[in-house]
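A.B. asks: build me a model:
(2 chains)
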There are 2 protein chains.
Amino acid sequence: MELAITQPADFHVHLRQGTLSELVTPHVRKGGFSTAYVMPNLKPPITTTDQALAYKAALEKIEPNVQFLMTLYLSPELTPNEIRKAKHAGIAGVKSYPRGVTTNSDGGIESYEAYYPVFEAMQEADMVLNLHGEVPSDPSHNIHVLNAEPSFLPHLHKIHSTFPRLRIVLEHATTRAAVEAVKACGDTVACTITVHHLELIVDDWAGQSWNFCKPVAKYPDDRQALRDIVKEGHPRFFLGSDSAPHPPDTKSISTPYCGCAAGIYTSPILLPLTAHILESFGALDRLEGFVSTFGREFYKIPATGSKVLLKRATDGASFSIPEEGYELKGESVVPFWAGKQINWKLSE
Amino acid sequence: MELAITQPADFHVHLRQGTLSELVTPHVRKGGFSTAYVMPNLKPPITTTDQALAYKAALEKIEPNVQFLMTLYLSPELTPNEIRKAKHAGIAGVKSYPRGVTTNSDGGIESYEAYYPVFEAMQEADMVLNLHGEVPSDPSHNIHVLNAEPSFLPHLHKIHSTFPRLRIVLEHATTRAAVEAVKACGDTVACTITVHHLELIVDDWAGQSWNFCKPVAKYPDDRQALRDIVKEGHPRFFLGSDSAPHPPDTKSISTPYCGCAAGIYTSPILLPLTAHILESFGALDRLEGFVSTFGREFYKIPATGSKVLLKRATDGASFSIPEEGYELKGESVVPFWAGKQINWKLSE
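C.D. replies: Numbering: from 1, shown residues only, chains lettered A, B, ... in the order given. Now for the predicted structure:
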């Protein structure tokens, strides 16, 4: 069995800097993707058009055959003028992180209002707002990693109702509440879903730090809601892998006094893994919409090249994902699904 | 400041076998305790009176100055006759694990009814039933590590109403629901609380496998309920540390394809740590009830020796818990709170 998929586009990926970037940027294509929507959370974060263009050039130098869609990091320095400049330069969107939201604000997340002039300029320029939809944990108000996303949703509604023409993407949704919130919004609001959140639940990261990411994988019923919306083929829900490379020693845990980095790495196996996991819950027929056409439609990024071919293992056989991962000049990454079997691979 | 505490009793502790037992059994006294209620989940589990007495003799040989209260592992082999024999031999209780409950039963946890003849004999003999109060995770019914305990509580109510004179202890409660369920029961139902569940929430084990234990630490509101019942000084809620030693390599995580052992080790610092944590939420005046008199009253195990003295660090100073843990003949353990400061220690 072979599938031909219109050029896949990953609408949320971390490509890092330096040697790690040299290692992971080619994995976009290796995983079957030719368009990558690139997160701006570098050190320092990408806050200006000039930085974003320089970063784009660096990525293109590593991997000339991928279309990189660039983003700015929402911060108090961002101005409406910079938004217009960014739009003119081809920057696609602006990413809001919870931490950025609380910077320079007493009341925490309420300070989105401080960004309304920026959002207004974005709406006029038709740039996309990407929301990391979690509020910070706050034990005194019973906010923790498992309800941080549902607790954020009122902010999504408020921004959407204030800027109804602003295109907004709620990133890496993990809960039934988030799925329902996005469905209830107008056509300007979409939602990315990672492939690992279609597979994992809280039990999987309990005692397994390699399965720990933010937002954390939630309850079985939440996973079911994510699977159902993919299976339904809702055009405002599409893949953003949130593939996040971390050196193995930062994902491992050796002592009781140091935690691990949050993030799951899927880029080098992304299309086969997505086919494998969608097939596991009966949604293989939605693959092309989920990994390509739905997101391209929302982002107005038409496909321009040939289709990608995916082959299924036959006769009960499967392919192995090596345990050892990938290495370059002392940097290394080990992907999700390492050491496991998978039913799909890219055709040569 | 110095406190004199009536002989502390830990009503839930794992003392293992072999070299690991030689290492950890003396830590009961090192942590300030002279009575230990010993779990029967060895390999093979302690299912007979003879095994329990042999285990007790082995523990007494390692540490003659601790009173070991022994338990049997609830399993289909356990008979009413064996209960009467166990009682006669001084065995204190019978521990039910979720796994044991589902053995040889189609309907899972409903099979408690298969044990009613045993419970009847225990009620008559006045032996204590210790319940690990979680149902197994079942994604198809949205049962996961965070609602496994609330989902168990109907079983507690049913056993209690069927055997109202049977003394039952719900072990290591972690949720507001469990606290309320035990409070609502009659005087024959009590509840142990670990010291680590008075400190940790879900955010603390997200990405930190050393803080992973079963039941997992829950939400901030659940922790508040545990703290509140301790602060209230309710006599049916008392310490059971569930101190569980695991070799450091089984608590660490090095690869994406292998998880860590569940368990937190507190024995060697138990009394100072409990004082430290109770003081942190204003419950230091409940220390003696929580670590000694409440549990002794419920279990009918009066204190027989002199009080233990606890000293508080003065002038803003504190004591260090070493990072390196403890070692014996190639076995090692690293306790909870390793590398951190603590305000209390045992007086010499």
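
A.B. asks: flag every residue of the stretch 51-200 of chain A that's near chain B.
C.D. replies: The stretch 51-200 of chain A has residues A:Ser137, A:Pro139, A:Ser140, A:Asn142, A:Ile143, A:His144, A:Val145, A:Leu146, A:Asn147 near chain B, with proximity defined as CB under 8 Å from any CB of the partner chain. For glycine as for every other residue, the C-beta is placed from the backbone atoms N, C-alpha and C.

A.B. asks: recalculate using a threshold of 6 Å.
C.D. replies: Along the stretch 51-200 of chain A, the residues adjacent to chain B under the rule CB under 6 Å from any CB of the partner chain are A:Ser137, A:Pro139, A:Asn142, A:His144, A:Val145.

A.B. asks: need these in a markdown table (columns: pLDDT, neighbour count and secondary structure).
C.D. replies: Output for those, formatted as a markdown table (pLDDT from 0 to 100; neighbours: other CB atoms under 10 Å in any protein chain shown; DSSP: H, G, I helix; E, B strand; the rest coil):
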| residue | pLDDT | neighbour count | secondary structure |
| --- | --- | --- | --- |
| A:Ser137 | 92 | 20 | coil |
| A:Pro139 | 94 | 14 | helix |
| A:Asn142 | 96 | 16 | coil |
| A:His144 | 95 | 23 | coil |
| A:Val145 | 95 | 24 | coil |
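
A.B. asks: reformat those as CSV; add distance to B:Gln67.
C.D. replies: Supplementary listing: these in CSV, determined by distance: CB to CB, whole Å:
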residue, distance to B:Gln67
A:Ser137, 42
A:Pro139, 38
A:Asn142, 40
A:His144, 39
A:Val145, 41
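
A.B. asks: what's the closest non-adjacent residue to the residue of the stretch 51-200 of chain A found nearest chain B?
C.D. replies: Nearest residue of the stretch 51-200 of chain A to chain B: A:Pro139, at 3.8 Å (CB to the nearest CB). Take A:Pro139 and drop its neighbours on the chain: the residue closest to it by CB to CB, 6 or more residues apart in numbering or on different chains is B:Pro220, 3.8 Å away.

A.B. asks: please apply the same query to A:Leu42.
C.D. replies: The shortest distance from A:Leu42 to any non-neighbouring residue, by CB to CB, 6+ apart, is to A:Gln17 (5.4 Å).

A.B. asks: pLDDT weak spots in chain A?
C.D. replies: Under the criterion pLDDT under 70, the flagged ranges of chain A are A:99-110.

A.B. asks: that one: helices as residue ranges?
C.D. replies: Counting by DSSP state H, chain A has these helices, from start to end: A:18-24, A:27-30, A:49-62, A:80-88, A:98-102, A:116-125, A:153-162, A:176-184, A:202-205, A:220-232, A:248-251, A:270-280, A:287-288, A:294-299.

A.B. asks: mean neighbour count added to those helices, as TSV?
C.D. replies: As requested, the helices of chain A are exported to TSV (neighbours: other CB atoms under 10 Å in any protein chain shown):
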stretch	mean neighbour count
helix A:18-24	18
helix A:27-30	22
helix A:49-62	16
helix A:80-88	17
helix A:98-102	18
helix A:116-125	18
helix A:153-162	16
helix A:176-184	19
helix A:202-205	22
helix A:220-232	20
helix A:248-251	16
helix A:270-280	23
helix A:287-288	20
helix A:294-299	21
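
A.B. asks: of these, which is nearest A:Val195?
C.D. replies: Evaluated with CB to CB, the helices of chain A place helix A:270-280 nearest to A:Val195, the distance being 4.8 Å.

A.B. asks: near chain B, anything from that closest one?
C.D. replies: No: using CB under 6 Å from any CB, we find that helix A:270-280 stays clear of chain B, coming within 12.8 Å at best.

A.B. asks: quick check: angle from that helix to helix A:220-232?
C.D. replies: Angular relation of helix A:270-280 and helix A:220-232 on a 0 to 180 degree scale: 100 degrees, by axes from the mean of the first three to the mean of the last three CA atoms, to 10 degrees.

A.B. asks: please name the bridge partners of A:Asn130.
C.D. replies: Note on A:Asn130: beta-bridge partners A:Lys95, A:Val169, judged by DSSP bridges.

A.B. asks: now do the contacts for it.
C.D. replies: Each residue near A:Asn130 by CB atoms under 6 Å, 6 or more residues apart in numbering or on different chains is listed here: A:Gly93, A:Lys95, A:Val169, A:Glu171.

A.B. asks: could you do A:Leu239 as well?
C.D. replies: The contact partners of A:Leu239, by CB under 6 Å, 6+ apart, come to A:Phe290, A:Val291.

A.B. asks: would you mind measuring from it to B:Ala54?
C.D. replies: 59 Å (CB to CB, to the nearest Å).

A.B. asks: cool, A:Gln123 as well?
C.D. replies: If you go by CB to CB, the gap between A:Gln123 and B:Ala54 works out to 76 Å.

A.B. asks: do A:Ala148 as well
C.D. replies: Distance of A:Ala148 to B:Ala54, computed by CB to CB: 50 Å.

A.B. asks: near chain B, which residues of the stretch 201-348 of chain A?
C.D. replies: A:201-203, A:206-210, A:212, A:216, A:219-221, A:252-254, A:256-257, A:259-260, A:338-339.

A.B. asks: just the buried members of the residues you listed?
C.D. replies: A residue is treated as buried here by neighbour count (16 or more other CB atoms under 10 Å in any protein chain shown); on that basis the buried members of these are A:201-203, A:206-210, A:212, A:216, A:219-220, A:252-254, A:256, A:259-260, A:338.

A.B. asks: so which of the contacts of A:Asn130 is the most crowded?
C.D. replies: Each of these was scored by neighbour count (other CB atoms under 10 Å in any protein chain shown); the top score is that of A:Val169, with 28 neighbours.

A.B. asks: roughly how far does that one sit from B:Leu153?
C.D. replies: 41 Å.

A.B. asks: repeat for A:Leu78
C.D. replies: 50 Å.

A.B. asks: returning to that earlier point: the residue nearest to A:Pro139 is in contact with B:Asp203, isn't it?
C.D. replies: No: contact status for B:Pro220 versus B:Asp203: not in contact, 8.5 Å apart, counting by CB atoms under 6 Å.
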